[in-house]
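Novice: Here is my input, please return the structure:
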Amino acid sequence: MAPMRKVHHVGIPVSNLERSLAWYEDVLAIVAANVTGAGTGEVLSKMLEVPDADVRAAFVKVGDHMQFELLQYNAPTPEPYTLRNCDVGAVHICFEVDDIHTAHEELKAKGVHINSPPVPLDGTGGDLDGHWFCYFRDPDGVQLELMELPKAST
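Specialist: So this is what the prediction gives:
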């Protein structure tokens, strides 16, 4: 197989596409780049291994280099998100910010569920020393992360 060039996108199933799009725009200032119509049919169902799939999607672009897809399955009825960070398949998206403490306060002011205040990764050794991070959740409980990179020394 040829080497992979880059990650094109990450997909996140959501319970309500409009609610999630509004949340990502209001809370994270990320606007949908493209909302697609419903996809249905035997080929789609077989490809997804989801019988009688009926899905709508929106691509959300972050900066110049990354996008993710929000997917609402109208059929079959999806189960609520219940995975913990340690559960197999519980992926998350990490957003890089310039000031994690300000971003944390803004999330708190908007009533977002935040797992804990930002913490430094100092003492871990290697490439993560000087980074700060914190986890928070979207309206469906999906884990997201903020990361502040170390400040360049002058």
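Novice: Now do the lowest-mean-pLDDT helix or strand in the chain: which elements does it pack against?
Specialist: In the chain, no helix or strand scores lower on mean pLDDT, DSSP states H and E than strand 32-40, which sits at a mean of 80. Packed against strand 32-40, as judged by 3 or more Cβ pairs under 8 Å, 6 or more residues apart in numbering; DSSP states H and E, are the following elements: helix 17-28, strand 54-62, strand 66-75. Quick note: C-beta positions are derived from backbone N, CA and C, even for glycine.
Novice: Quick check: next helix or strand after it?
Specialist: Scanning forward in sequence from strand 32-40 by DSSP states H and E, the next helix or strand is helix 42-48.
Novice: Identify the bridge partners of the spatially most central residue of the chain.
Specialist: The residue lying closest to the centre of the chain (Cα atoms, centre = their mean) is I93, at 4.1 Å. Beta-bridge pairing for I93 (DSSP bridges): L144.
Novice: ok, it touching E145?
Specialist: Yes. If you go by Cβ atoms under 8 Å, I93 and E145 touch, sitting 7.1 Å apart.
Novice: quick check: domain ranges of the protein?
Specialist: Domain ranges of the chain: 1-77, 92-154, per automatic domain parsing.
Novice: can you redo those domains as CSV with distance to N85?
Specialist: Below are the domains of the chain laid out as CSV (distance: least, Cβ to Cβ, whole Å):
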stretch, distance to N85
domain 1-77, 15
domain 92-154, 6
